[in-house]
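Enquirer: Turn this into a structure:
(2 chains)
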Amino acid sequence: MSEGISRRNLFKGALVAVASTVLPRSMAKAEGLASRGDVFAVLVDLTRCIGCRSCMRGCQRANDLNAPQELMDMDHLSSRIEPTYNLWTTVNVEGGASSPPRHVKRQCMHCLEPACVSVCPVAALHQTEQGPVIYRESRCIGCRYCMVACPFDVPRFEWNNGLTPVIGKCQFCAQQRLFKGLPPGCVESCPTGALKFGKRDDLLFEAKARLRSRPDVYVDHIFGEDEVGGTTWLYLSDVPFDQLGFKKNLSQRPLPSFTWDVVSWIPGIAAVLASLFGVLAFSLSTKSDQGKGDKHP
Amino acid sequence: MGWFFLGIVGAILAWLTVSYGLGRPPRHGIRWAGAALGALWAVTAVVFVIRFTHGMGGMTHMTDANPWGVWVGLLQAGVALSGGGFVMAATVHIFHIKRFESILRPVVLLAFLGYNFVGMTLFIEVGRPYNLWHPWAMWQHRSIMFEVAWCVTLYLTVLSIEFAPVVLERFEMNRAIKALHRVAIPIVIVGVILSTLHQSSMGSMFLIMPQKIHPLWFSTLLPVFFLLSSVAVGLCMTIVASLYSARLFNKTLNHWLLADLGRAASLVLFLYGAIKMVDVSARGAWASLLTPPWLGVLFLLEMGAGVFLPAVLLSRHSIRKRPFRLGMACLPVLGGVVLNRLTVSWFSMVPYTGPNYVPHWMEIAVSATMLTVLMTVFGLAVRFLPVYPIKADGAS
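Expert: Predicted coordinates for the structure are as follows:
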C-alpha cells in the first residue's frame, strides 16, 4: 500500500516536472498536503483557555529551550510577550477594546502549503509527510526569506548571534515527540482541554460538531480551515477572530501558488530565449561581421 | 554621532564627485578623497567585527517584525543598476549593433562590480554567510531565491569571462584571448538569459506576500516590471557612467552612441510606465493612493519624476544632443529605480509592519563602504587596464 503510494507520487512528481516545462501552467500544480486529511493537527478552542501559560512551559521543556522562566508566569499576563527564536509559543490577552478579552495561544500554524517551505532556497524548512513543518538548522543560510514570506509572521531570528544564528519556530514537537507517538508538549500540558491533538479530518469534524451544538456561543468560523489553503492548527472562538489579532483578508489560495505560476514558466522561457538569441546571434553575425569582427583591440 | 560622521564623509565625497564631474577638480582632491574613504573604511572595519561578534542585532535595526532592512532594497537596486551589462552585451553580440562595442568594456566592468556589491552585501546580510554555497548542493527548485542564487553566481562567472580579455590584453596573453573569442557569443547568450531570468525573479521574490505589499506595488506583473525597469536603468546607467568616466579620465567618446541609448531608454520607460498605469487601473488600485497618503506621494514621485519625466526629456533631440543635458535627464531614472526597489522591499510594507524600522547608521556605513571600494576598483581598473579600447595604450 505505502509502496504503491510512493511509486504513484514518484510518477506524479515526474509528470509534474515534465508538465511544468511543456504544458500550460494551470496543469502543473505545486505539491502540498492540501488534499490530505490524515495529517497531524491541533484544535485550539479559545473558549476553554484560562491563560495559565502551562503550554508555554511545556513547550520549553519539550524542546530544551531557554527563554527567561519568568515570562511564563501567569502574573505576567498583563504584559505582552512576543515570540522569539527560543520562545515558540505565546499566550497573550487579546481584544478587549470592542470585544471581551480572550487568552490567545499562538505558534506556527503548520500550513498545508507552507510559504516558508516554498521560499527557502536550501530546504532548511521542510514539510514532513505527516504535516509538521520543521526547521533544519544545518542547512540554513540565514536569508530570512521565510520570515518575510510567512503570512502569520511566525519565524523568528536570533539577532544577537554573530556566527551561528538560527531561525526559531514551533516544530510541532515532530522529532521530539510526535514521531515517537506522543502528543506535542503544549497539548500535553494543557489542563483544560483547550488544545486537542489529532488528525486534521477528525478535528475538523469535531470543530464543526462544537459549532453546531453551541451556535449561540461560537463565531461561525474555523480559523485555519481555508486560510492560505488550510492550516493544521485550527481555532474556534466566541469572539470574532479579527478582534483578537488574527489576520483577516488572508487569501484562500495557497501562497506558494503565486510564485509557482512564475517558477513553472522558467525552464520554458530559458529554452525559448536560448533558441531565439542563438538564431539571432548567428544569423546576424554572418551577414554583417565578416572580415572586421576580430579587429577590435 | 554615527550619522554625523557619515554625513561629513558623504558631503566630502559628494563635493568631490560633483566638482570632478564638472571638470573643476579642487586642490588636494585626491587627498580629501583618501582621508574620507580611509575614515569610512576604518570605521566599517570595526562594524564588521561587531557584526560577527554581536550579531546583526548589534549593528542593525532589523527586528523580527522587520526581518529585511535597507540592505535588501540596496541589493535589489544593485542588481538593477548593473542591468547595463546584459543590455549592452545583447546589443553588441546578439543583435550585432557593433558600433556600441567601444563602450561595452566599461559597462561590463561596471556590471561585474555591481554584482560584486550584491555578493559583498549578502556576505554581511545573511546570518550564516559560510553557508552561501548551500543552494548549489541542497536543491529546492520551487524557491525563487534558489533560482536567483544560481543565476547570480553563474552570471557573475559569465561577467568575469566577458571581462577577462581586458585583463589578458594587458598581459598580452594572445592565445587565451583567441580561445575566449571563440566562445564569446555562446557565453554572451548564456549571460543574457541568466540576466533576463534573475532580473525578473528579483520581482517574483515578492509574489509570495500579496497581503503585505501595498496594492500600488503588488502585482502579478512584478517580474515584468523588474525586468523592464532594469533594462531602462541599465541604459541610463551606461550613459551616466560613460559620460562621467570620460570626463574623469579624459577619454574621447562618440556622443551619438549615448544619444541613441537615451532614445532607447525613453522608449523602454514609456513602455514601462504604460504597463504600470494599465496594471494599476486593471487592479482598481488607484484608491490606494490615499491609504496612506505618504505612500501615494511616493508612488507619484516614482512614476512622475523617475519614469515619465525622464521618458519625455529623453525623447527630445534637443536634450539628447548635449552631453550634460543627456546625463541630467538620465539621473532621475537611477534615483527612481533605487526608490522603487527600496519601496517594494521596505516602504510598501510599512502599513503592514508598522513604522518601526529606520536603518542603523552602521547599516548605511557598510553599504557606503562597499560602494566606494568598488568605485575605487573601477578607477584603478580604468587606470591600469585597457578598459577604454579607443586609447588602447592604457597604462604606459
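
Enquirer: mind showing which ranges of the stretch 101-250 of chain B have poor pLDDT?
Expert: Scanning the stretch 101-250 of chain B for pLDDT under 70 picks out no residues.

Enquirer: Which single residue in it comes nearest to chain A?
Expert: Closest to chain A within the stretch 101-250 of chain B is residue B:127: 2.1 Å, counting by Cβ to the nearest Cβ. Where you see a C-beta, it was placed from the backbone N, CA and C, and this is true even at glycine.

Enquirer: Pull up the residues of the stretch 51-200 of chain A that are close to chain B.
Expert: Neighbours of chain B within the stretch 51-200 of chain A, by Cβ under 8 Å from any Cβ of the partner chain: A:82-84, A:115, A:118-123, A:139-145, A:147-149, A:151, A:153, A:156-165.

Enquirer: from memory residue B:226 sits against residue B:199, does it?
Expert: Yes. Applying Cβ atoms under 8 Å as the test, residue B:226 and residue B:199 come out as touching, 5.9 Å apart.

Enquirer: who touches both of those two?
Expert: Taking Cβ atoms under 8 Å, 6 or more residues apart in numbering or on different chains as the contact rule, residue B:226 and residue B:199 both touch residue B:80.

Enquirer: Now do the residue sitting furthest away from the middle of chain B against residue B:332, distance only.
Expert: Here the centre of chain B is the reference, and by Cα atoms, centre = their mean the most remote residue is residue B:175, at 33.6 Å. The gap separating residue B:175 from residue B:332 is 46 Å, by Cβ to Cβ, to the nearest Å.

Enquirer: which stretch of helix or strand covers the closest residue to chain B within the stretch 101-250 of chain A?
Expert: Across the stretch 101-250 of chain A, the shortest distance to chain B (Cβ to the nearest Cβ) belongs to residue A:142, at 2.1 Å. Counting by DSSP states H and E, no helix or strand carries residue A:142.

Enquirer: what's the neighbour count on the nearest residue to residue B:89 once chain neighbours are set aside?
Expert: Excluding the flanking residues, the one nearest residue B:89 by Cβ to Cβ, 6 or more residues apart in numbering or on different chains is residue B:188, at 5.0 Å. Each residue near residue B:188 was counted by other Cβ atoms under 10 Å in any protein chain shown, and the total is 22.

Enquirer: Surely residue B:188 is in contact with residue B:90?
Expert: Yes. Using Cβ under 8 Å, residue B:188 makes contact with residue B:90 at a distance of 7.3 Å.

Enquirer: burial of the residue lying closest to residue A:179 once chain neighbours are set aside, as a residue count?
Expert: Nearest non-adjacent residue to residue A:179, counting by Cβ to Cβ, 6+ apart: residue A:130, 7.6 Å away. Taking other Cβ under 10 Å as the criterion, the count of residues near residue A:130 is 16.

Enquirer: Just the strands from chain A, written as ranges.
Expert: Under the criterion DSSP state E, strands of chain A are mapped to A:40-45, A:90-94, A:102-106, A:125-127, A:133-135, A:156-157, A:167-168, A:195-199, A:233-236.

Enquirer: Let's have these in TSV, adding distance to residue A:273 and mean neighbour count.
Expert: As requested, the strands of chain A are arranged in TSV below (distance: least, Cβ to Cβ, whole Å; neighbours: other Cβ atoms under 10 Å in any protein chain shown):
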stretch	distance to residue A:273	mean neighbour count
strand A:40-45	44	24
strand A:90-94	48	20
strand A:102-106	45	21
strand A:125-127	31	22
strand A:133-135	35	21
strand A:156-157	37	23
strand A:167-168	35	24
strand A:195-199	47	19
strand A:233-236	43	24
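
Enquirer: would you turn those strands into a markdown table with mean pLDDT and distance to residue B:179?
Expert: Converted to a markdown table, these look like this (pLDDT from 0 to 100; distance: least, Cβ to Cβ, whole Å):
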| stretch | mean pLDDT | distance to residue B:179 |
| --- | --- | --- |
| strand A:40-45 | 97 | 59 |
| strand A:90-94 | 93 | 62 |
| strand A:102-106 | 95 | 61 |
| strand A:125-127 | 96 | 44 |
| strand A:133-135 | 97 | 47 |
| strand A:156-157 | 97 | 47 |
| strand A:167-168 | 97 | 46 |
| strand A:195-199 | 97 | 63 |
| strand A:233-236 | 97 | 60 |
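
Enquirer: and of these, who's closest to residue B:214?
Expert: Between residue B:214 and the strands of chain A, the shortest separation by Cβ to Cβ is 23.9 Å, and it involves strand A:156-157.

Enquirer: ok, residues contacting the closest one?
Expert: Residues external to strand A:156-157 that are found in contact with it (Cβ under 8 Å, 6+ apart): A:83-85, A:142, A:144, A:147, A:165-169, B:64, B:67, B:127.

Enquirer: need those in TSV with distance to residue A:68, can you?
Expert: What follows is the contacts of strand A:156-157, written out as TSV (distance: Cβ to Cβ, whole Å):
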residue	distance to residue A:68
A:83	13
A:84	10
A:85	13
A:142	24
A:144	24
A:147	22
A:165	19
A:166	18
A:167	20
A:168	15
A:169	19
B:64	16
B:67	22
B:127	23
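
Enquirer: Could you chop chain B up by domain?
Expert: Domain assignment for chain B by automatic domain parsing gives B:1-54, B:55-391.

Enquirer: Report the contact partners of residue 280.
Expert: By default, I'm working from chain A. Residue A:280 sits in contact with B:94, B:95, where contact means Cβ under 8 Å, 6+ apart.

Enquirer: meant chain B actually
Expert: B:216, B:219, B:286.

Enquirer: Write a ChimeraX command that selects only the buried members of these.
Expert: Command for ChimeraX that selects the buried part of the contacts of residue B:280, burial taken from 16 or more other Cβ atoms under 10 Å in any protein chain shown:
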select /B:216,219
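
Enquirer: mind checking the backbone torsions on the residue of the stretch 101-250 of chain A closest to chain B?
Expert: phi 80, psi 30 (degrees, to the nearest 10).

Enquirer: What count of nearby residues applies to it?
Expert: Neighbour count for residue A:142, taken as other Cβ under 10 Å: 21.

Enquirer: contacting residues for residue B:114?
Expert: By Cβ under 8 Å, 6+ apart, residue B:114 lies in contact with B:78, B:79, B:81, B:82, B:85, B:374.

Enquirer: And the last one, what's its pLDDT?
Expert: Okay, so that is residue B:374. At residue B:374, the model reports a pLDDT of 95.

Enquirer: Pull out the buried residues from the host helix or strand of it.
Expert: Taking DSSP H and E as the definition, residue B:374 sits inside helix B:361-384. For helix B:361-384, a neighbour-count test (16+ other Cβ under 10 Å) marks B:361-375, B:378, B:381-382 as buried.

Enquirer: Tell me how many other residues crowd the nearest residue to residue A:143 once chain neighbours are set aside.
Expert: Nearest non-adjacent residue to residue A:143, counting by Cβ to Cβ, 6+ apart: residue B:126, 5.0 Å away. A count of nearby residues for residue B:126, using other Cβ under 10 Å, gives 20.

Enquirer: for the one 3 residues further on, same thing?
Expert: The tally of other residues near residue B:129 (other Cβ under 10 Å) stands at 16.

Enquirer: isn't residue B:339 right up against residue B:301?
Expert: Yes. If you go by Cβ under 8 Å, residue B:339 and residue B:301 touch, sitting 7.2 Å apart.

Enquirer: Compare these two and say which is more crowded by neighbours.
Expert: A count of neighbours by other Cβ under 10 Å puts residue B:339 above the other of residue B:339 and residue B:301, at 20 against 15.

Enquirer: separation between that one and residue B:217?
Expert: Note on residue B:339: its distance to residue B:217, by Cβ to Cβ, is 11 Å.

Enquirer: before we move on, what about residue A:138?
Expert: For residue A:138, the distance to residue B:217 equals 36 Å [Cβ to Cβ].

Enquirer: For these two, indicate the residue with more neighbours.
Expert: Remark: of residue A:138 and residue B:217, residue B:217 carries more neighbours, 25 against 10, as counted by other Cβ under 10 Å.

Enquirer: doesn't that one fall inside a strand?
Expert: No. Checked against DSSP: H, G, I helix; E, B strand; the rest coil, residue B:217 lies outside a strand; its state is coil.
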